[in-house]
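>>> The sequence isn't on hand, but the structure is:
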Ligand SMILES: Cc1cc2nc3c(=O)[nH]c(=O)nc-3n(C[C@H](O)[C@H](O)[C@H](O)COP(=O)(O)O)c2cc1C
């Protein structure tokens, strides 16, 4: 049974371009959920490569009992392409991401999922993204092993592992057509 998680979440944060400010001209949004920063590291690598705006979905209460709401401050109209990053939770799409995807109208937008997990894979998460955005153009997603919290490994995508992940990520990005890369 899946525990209902209560998160009061709000979309904070750091709408920033590679230069550290909002990139007014960009039509790319990279939004991610990350508790122990593995997905965040991947999101930042994507941002470095494709530019656009980077937004963290922040959990107000990381261990809640019920999932409650999300307060978003993003003008989604501006974006054609939305990278959506999340960890696998209980072999599923985390509830805050489900909420994010149902909260906005992504019709005709390009959605690109990316994921980190403890080695058990994406579970049903990518399928759920597809289900929730059935009128979107969904590109092939990216997934890598990140933290293993149960074994006391929190941020795993660092050092040599970060270099490895970056290589895999760049290969994936290069093959993501029709996305135009910055560099
Ligand atoms: C509540 C919870 C449930 C998780 N469930 C799974 C799972 O079903 N399969 C898996 O491979 N990893 C699972 N993980 C591990 C995370 O997916 C993994 O550590 C991921 O890299 C964390 O990303 P983050 O550092 O961006 O938060 C779970 C972690 C948490 C906190």
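Ah, there it is. Predicted, not measured: the structure shown is a model, and the values here were computed from it.

>>> wait, doesn't residue 158 sit right on residue 38?
No. Applying Cβ atoms under 8 Å, one finds residue 158 not in contact with residue 38, separated by 9.1 Å. (C-beta placed from N, C-alpha, C; glycine too.)

>>> Quick one: list the elements packing against the one helix or strand residue 131 maps to.
Using DSSP states H and E, residue 131 maps to helix 125-132. In terms of contacts (3 or more Cβ pairs under 8 Å, 6 or more residues apart in numbering; DSSP states H and E), helix 125-132 is packed against helix 95-103, strand 110-117.

>>> How about the contacts made by the closest residue to residue 140 other than its chain neighbours?
Of all residues not flanking residue 140 in the chain, residue 176 sits nearest, at 7.0 Å (Cβ to Cβ, 6 or more residues apart in numbering). By Cβ atoms under 8 Å, 6 or more residues apart in numbering, residue 176 lies in contact with 112, 139, 140.

>>> Check residue 133 too.
By Cβ under 8 Å, 6+ apart, the contact set of residue 133 is 101, 106, 111.

>>> Look at residue 146 and say how many residues are nearby.
Using other Cβ atoms under 10 Å, residue 146 has 28 neighbouring residues.

>>> quick one: the longest helix along the chain to chain centroid distance?
Ranked by residue count and defined by DSSP state H, the top helix of the chain is helix 159-174. The chain centre lies 16 Å from the centre of helix 159-174; the measure is Cα atoms, centre = their mean, to the nearest Å.

>>> So is it next to the ligand?
No. Judged by Cβ under 6 Å from any ligand atom, helix 159-174 and the ligand are separated, with a smallest distance of 10.8 Å.

>>> sorry, back to before: got a pLDDT number for the residue nearest to residue 140?
pLDDT, residue 176: 89.

>>> now residue 108
pLDDT at residue 108 comes out at 93.

>>> picking that back up, comparing the helices and strands packed on helix 125-132 by mean pLDDT, which bottoms out?
Lowest mean pLDDT of the helices and strands packed on helix 125-132: helix 95-103, a mean of 90.

>>> for it, which positions count as buried?
Under the neighbour-count criterion of 16 or more other Cβ atoms under 10 Å, helix 95-103 has 95, 96, 97, 98, 99, 100, 101 buried.

>>> ok, residue 30 touching residue 45?
No. Between residue 30 and residue 45 there is no contact under Cβ under 8 Å: 9.9 Å.

>>> Which residue of these two possesses the greater neighbour count?
Shown here are residue 30 and residue 45; by other Cβ under 10 Å, residue 30 has more neighbours (25 against 19).

>>> So the more buried one, which state does it fall into?
Three-state call for residue 30 (DSSP: H, G, I helix; E, B strand; the rest coil): strand.
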